[in-house]
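> Fold the following and give me the result.
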Amino acid sequence: MTPTPIAGSHQETAVPREAILAGGYHHPLLRSLQAERHLTKDMLMYPIFITDEPDAVVDIKSLPGQKRWGINKLEAFLAPLVAKGLRSVILFGVPLHMDKDARGSPADDPSTPVILATKLIRDRFPSLVVACDVCLCEYTDHGHCGELCPADQLTPAEQTAGAKVIDNPRSVRRMQDVALAYARAGAHIVAPSDMMDGRIGAIKQALVDAGFGNRCSLMAYSAKFASSMYGPFREAAGSVPNFGNRKCYQLPPNARGLARRAIVRDAREGADFLMVKPALPYLDIMSEARLLAPDLPLACYQVSGEYAMIHAGAQAGVYELRAMAMETAEGFLRAGCTLILTYFTPDFLDWLDEPADDELSADTWLTQQRAREPSVPCTWWVRVACLEPRMQGWTPCVHCWPVLLLLLLCLSSCLCAPDDAGARGASPACSPTMRPPWTSGAPPASSPSPAVTAASTASTAFRSPGTPSSPAGSSARWDRLSLDSTVDIPPDTPLLYSHAPYRDKNAHAPRSPFTSPRRGPPSAFAVRGSNGHAFELLLAGGSPPSSPRTTYASTLRTHRRAHRLGSLLYSSALFCLAFTSLAAAAVLGWAGHFVYTRHAALATAVFAPPMQPQTRDVEGGAPPFPPSGATTRAPGAVGDGREVDRGDVDAVEQELDRRLSELGLASTRDELTCESVEASRSLLRRYGGLRTSSASSSSSSSSTAATAPGRTLLALNLYNSEAVIPSLAHALLRVAAFLGPDNVHVSIFENGSTDRTVAALAHLARALSALGADHDVLSDARHTDWNKVDRIDQLAVYRNVALAPLTTTTTNGTAFTDVVFVNDVFTCPGDVLELLFQRRVQSADAACGMDWRANKGPGHWWRDSVVYYDSWVGRTLSGKMLRPRTDLFQEFHDGVDGLFGGEGDEASQERFRRGLPTPVYSCWNGMLALDARPFTSTAPAPRYDPSSSSSAHRTSWHRAPPVHAAEPVRFRSALHREGECAASECKTLAKDLWSRGYDRWLVRRLAIPVHACSR
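Next up, the predicted model:
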């Protein structure tokens, strides 16, 4: 065996060749080839809970993202999953309204949800394999998986102890009946999970006798252990035992030998599939089953506790959800499993269509490489020319190389440009010929300075015959003739004419009337060039120049000085032209890209369907609050305006502040200083009518609400909102306490946050529970791929989740009268109450606040003002925007006085500037109060009801009669509506409300929530 040196170490360290393994998996494809089996969609079976409520869609709080489905909702739920590649499901019945008994009679009732769902799936989805769980625990009144022994069959000791024992033979016969009922309904697979002895052989024989032996498979729960991981399933299916436990017929967790015997028994009795349940803690049993029954497919059930555990760890940030789910599935495959029953099936259907983490595309790899490279921030003039198409930030300098190259060229033209078209020289800095005489070779070891050498050359090499030599000290005087350099022009310079010295012997040099006090009288020296022009120089010291080249260089320098300013202006103009052209090209390119992408997206409908939320309740992620007076007080009737003592609210808020502080978040009162409504008499008088049960008369003060209050829904959608949650929590708690906890329902939906939003919401949910207010605080931990879905369509789905309590929550028949939608804004309790007050006292259908952000950039230096934020949704009564979105100088304008500046909106502008409620067509503005009736009813607005309006009154409407809709209003996108322009889901909401007669919309300047981006 020849050792192989390790790379880089040569002979220092060597290992055997067979010890080098990394060469086999250094590439994603090579790593894939190392696996014996890969997870495919065919290996996945999805467990689904079917309830006997036909229209039910009920979240299972302990199973994130899972629901109980009614038979009428099942088809719509399965259709997108089948389109993604779902191949098999297993059904579990949840009888909520059926009469349970000791023998589990509802299990094989023709109207049981499992039988109805099986028939529906076989009819609507022929390619889908349907498996039915065969067990009695969901259908018996005692919650066990079989029938109980009659009292007369118990031993005296058992009768004395009051024991209850499972009757195995009776239970097996009952399982036969249930399995046959499912097979007759069309099930492809029946899966007895009761763990009774002999049930596999009995059911197999019953299937054969009934003619289903070759049409219905039998999947045996062979190694089903008495695990602690079944809790979420039992809660979802309602199968918790009323007494004792199931340890007498489910396998002990440490009984490896029993598991081996059960596997062999079921294989011999005729099972077509074997199963191990749970999966993750029993990988060794899977390996044993593969060895004991190598010819049978092996299934494993990743039970509810495993699923919830993986979700909880991912939610806590311990690991990434997809990575952990995939790793566990690969572990099942490695142990020998060929079919995985998992609640992750919908996620796997998406993940298997996406590249693995190490299978990156070239673009992704390049992006990551650039992210690792250090990037020097661009200066402002480079940033202007390197605008991103989306204009959401500055581009790194690595993308600005064309601009930098252009700037270098302009700089070179500034330094090296010719002085004018007739100039025959160049700048010394750019001409290759303007160099010292020794540049062709190395200078001598003891060369004199360039100044001395050049002066010596000028006074000797070019001295005319008969001209006396210059004195030794004259070199300094010749030195002063050069302004840019003391180096003379060598004879081989191509820029100079070849000319000889000229001197008129008969002419006497004229005497200058001027004399130099230091150097004596100047002398004149005439030189005629080859072009016939003579030059006359006055030289200090009386010595003539030694070369006409000196005369030409002096003239050239004079010429250059005269035109240097023009050259600079020329280069500057060139730079400005190039910069302007580049900026214009960037703007035009961005505009073209914007229009093209929108047109292409809308024209070809390239968007995927919006992702349907898989919600879970986050309240379980935080411990309960200590008991306080807010919850121990006797609850009053709904709508009675029951108040909570201010001290109780303070105690709840202090506990919430403490918990938020432990998370590293601000206090509920750190961000904003809000006036206390309870401590202000004027505010109490103004908002007191919001919590009184009797309707105010028409003669009541204008400071009281005009209608009797019902319940109020406070709805929020949040994403990465940890900065605003403390402020929102203060507002929600105080509003709930002021209106009465029985009169308020808080609905919050969070999706995909990566910060501490979910943890903070869990504590807020506990605070609402301590206050006694109804609430739904839900989360969907999955990431939304906004590049695949239509953003507006997806946002509409998320907003509708927050509206769900309007139709799913009923309390003693009290209806919702108001809906307050709050964005991720900083706001005060008084702002919320003001919108409720204005909506009621003005008989408005919607009352909006005004959300602002601080002006940015140079505009902030010019004027410290604010800018109206939600300009896409806000429209005046004339249909114009509240402020132009295309105003390039909006950051320099007054953001308040500039609103309602369009033609025809003068009256609205006057009202707004005076601080009065101003009618608008649509608004959102961070927070608004809405009439709840259009969300719960299909009837038009009462003010436009023809049955209650006279003919004369109807002729004064100045509008078309309201439409009669088929369903209540919900958020929607305009993407699939022919003839509609692209608009926000909030804008389409306003349009739908107007079409039903809910056309009184207003904005209130006094309620000013500050947008989170301005923090």
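
> Against which helices or strands is the longest helix anywhere in the chain packed?
If you go by DSSP state H, the chain has its longest helix at helix 548-604. Contacts defined by 3 or more CB pairs under 8 Å, 6 or more residues apart in numbering; DSSP states H and E place helix 548-604 against helix 380-385, helix 401-416, strand 534-539. Yep, even glycine has a C-beta here, placed from its N, CA and C like the rest.

> Least reliable of those by average pLDDT, please.
For the helices and strands packed on helix 548-604, mean pLDDT drops lowest on helix 380-385, to a mean of 34.

> give the contact list for the closest residue to Gln302 other than its chain neighbours.
Counting by CB to CB, 6 or more residues apart in numbering, Gln302 lies nearest to Thr342, which is 4.1 Å off, once chain neighbours are set aside. Residues near Thr342 by CB atoms under 8 Å, 6 or more residues apart in numbering: 44-47, 301-302, 307, 329, 348.

> Dump those into a markdown table; add neighbour count and secondary structure as well.
Formatted as a markdown table, the contacts of Thr342 follow (neighbours: other CB atoms under 10 Å; DSSP: H, G, I helix; E, B strand; the rest coil):
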| residue | neighbour count | secondary structure |
| --- | --- | --- |
| Leu44 | 23 | strand |
| Met45 | 23 | strand |
| Tyr46 | 22 | strand |
| Pro47 | 23 | strand |
| Tyr301 | 24 | strand |
| Gln302 | 25 | strand |
| Tyr307 | 24 | helix |
| Ala329 | 22 | helix |
| Phe348 | 24 | helix |
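
> contacts for stretch 971-983?
For stretch 971-983, the external contacting residues (CB under 8 Å, 6+ apart) are 598, 602, 605, 607, 790, 792-793, 795-797, 799-800, 803, 985-986, 988-989, 991-992.

> just the strands in the stretch 901-1015 of the chain please.
918-920, 927-931, 1001-1003, 1010-1011 (DSSP state E, counting those that start in this stretch).

> which one of these lies closest to Leu116?
Nearest to Leu116 among the strands of the stretch 901-1015 of the chain is strand 927-931; the distance by CB to CB comes to 38.3 Å.

> what's next to that closest one, contact-wise?
817-823, 825, 827, 831-832, 835-836, 838-839, 845-849, 851, 993, 998, 1007, 1009.

> Can you turn the buried part of the contacts of stretch 971-983 into a ChimeraX selection?
Buried members of the contacts of stretch 971-983, defined by 16 or more other CB atoms under 10 Å, are picked up in ChimeraX with:
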select :607,790,792,793,795,796,797,799,800,803,985,986,988,989,992
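
> Among the contacts of stretch 971-983, which lie within helices?
Among the contacts of stretch 971-983, DSSP H puts 598, 602, 792-793, 795-797, 799-800, 985-986, 988-989, 991-992 in helices.

> quick one: which of these is nearest to Gln654?
Among the ones in helices among the contacts of stretch 971-983, and counting by CB to CB, the member closest to Gln654 is Arg799, at 32.5 Å.

> re earlier: if you average pLDDT over each of the strands of the stretch 901-1015 of the chain, which comes out lowest?
strand 1010-1011 - the lowest mean pLDDT of the strands of the stretch 901-1015 of the chain, at a mean of 44.

> Val820 is in what secondary structure piece?
strand 816-822 (DSSP states H and E).

> moving C-terminal of that strand, what's the next helix or strand?
Next along from strand 816-822, by DSSP H and E: strand 825-826.

> Which strands border that next one, and is each parallel or antiparallel?
Paired neighbours of strand 825-826 in the sheet (DSSP bridges): strand 1010-1011 (antiparallel).

> burial of the closest residue to Ala965 other than its chain neighbours, as a residue count?
Setting aside the residues directly before and after it, Ala965 is nearest to Thr938 in space (CB to CB, 6+ apart), at 4.9 Å. By other CB atoms under 10 Å, 13 other residues sit near Thr938.

> for the stretch 251-400 of the chain, which spans come out with low pLDDT?
Within the stretch 251-400 of the chain, the set of residues satisfying pLDDT under 70 comprises 355-400.

> Repeat that for the stretch 601-750 of the chain.
The stretch 601-750 of the chain contains residues with pLDDT under 70 at 601-606, 628-643, 671, 692-709.

> Which residue ranges of it form helices?
629-632, 646-662, 681-687, 725-739 (DSSP state H, counting those that start in this stretch).

> can you check the stretch 751-900 of the chain too?
Using DSSP H, counting those that start in this stretch, helices in the stretch 751-900 of the chain cover 757-771, 791-802, 805-808, 829-841, 858-862.

> mind giving me the domain ranges of the protein?
With domains defined by automatic domain parsing, the chain comprises 3-33, 41-351, 648-810+831-837.

> Reformat these as a markdown table; add distance to Ala929.
Formatted as a markdown table, the domains of the chain follow (distance: least, CB to CB, whole Å):
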| stretch | distance to Ala929 |
| --- | --- |
| domain 3-33 | 54 |
| domain 41-351 | 27 |
| domain 648-810+831-837 | 4 |
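
> Put the alpha carbons of stretch 612-630 into CSV.
What follows is stretch 612-630, C-alpha atoms only, in CSV (Å, rounded to 0.1, in the frame of the first residue of the first chain):
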residue,chain,number,x,y,z
GLN,A,612,-52.6,29.9,1.2
PRO,A,613,-51.6,30.6,4.9
GLN,A,614,-51.0,27.7,7.2
THR,A,615,-51.6,29.4,10.5
ARG,A,616,-50.9,28.5,14.0
ASP,A,617,-51.7,30.2,17.3
VAL,A,618,-48.6,31.8,18.8
GLU,A,619,-50.0,32.3,22.3
GLY,A,620,-48.6,28.9,23.4
GLY,A,621,-45.1,30.3,22.9
ALA,A,622,-45.2,32.4,26.0
PRO,A,623,-46.2,31.6,29.6
PRO,A,624,-49.5,33.0,31.0
PHE,A,625,-49.6,36.3,32.9
PRO,A,626,-50.0,36.3,36.6
PRO,A,627,-53.6,36.6,37.7
SER,A,628,-54.9,40.1,38.0
GLY,A,629,-58.2,41.9,38.7
ALA,A,630,-58.8,42.2,35.0
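
> Got the confidence number for Leu96?
So, for Leu96, pLDDT stands at 86.

> That one and Arg734: what is the separation?
Per CB to CB, to the nearest Å, Leu96 is found 38 Å from Arg734.

> residues in contact with the closest residue in space to Pro917 that isn't next to it in sequence?
Nearest residue to Pro917 in three dimensions, chain neighbours excluded: Leu1002, at 4.6 Å (CB to CB, 6+ apart). Leu1002 is in contact with 838, 842, 844, 846-848, 917-920, counting by CB under 8 Å, 6+ apart.

> Leu1002 and Cys848, how far apart?
Taking CB to CB, one finds Leu1002 at 7 Å from Cys848.

> Now do the shared contacts for the two.
Listed as contacting both Leu1002 and Cys848 by CB under 8 Å, 6+ apart are Val920.

> what bridges to Cys848?
Leu928, Val1003.

> In contact with it, which residues?
By CB under 8 Å, 6+ apart, the neighbours of Cys848 are 835, 920, 923-925, 927-928, 1001-1004.

> Ok, Val866 next?
Neighbours of Val866 in contact, by CB under 8 Å, 6+ apart: 852-855, 895-896, 1014.

> I'd say Val724 and Leu764 touch.
No: if you go by CB atoms under 8 Å, Val724 and Leu764 don't touch, sitting 11.8 Å apart.

> Redo the contacts of Cys848 as JSON lines? Include distance to Ala83.
Converted to JSON lines, the contacts of Cys848 look like this (distance: CB to CB, whole Å):
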{"residue": "Leu835", "distance to Ala83": "43"}
{"residue": "Val920", "distance to Ala83": "42"}
{"residue": "Cys923", "distance to Ala83": "38"}
{"residue": "Trp924", "distance to Ala83": "34"}
{"residue": "Asn925", "distance to Ala83": "39"}
{"residue": "Met927", "distance to Ala83": "38"}
{"residue": "Leu928", "distance to Ala83": "37"}
{"residue": "Trp1001", "distance to Ala83": "40"}
{"residue": "Leu1002", "distance to Ala83": "45"}
{"residue": "Val1003", "distance to Ala83": "44"}
{"residue": "Arg1004", "distance to Ala83": "47"}
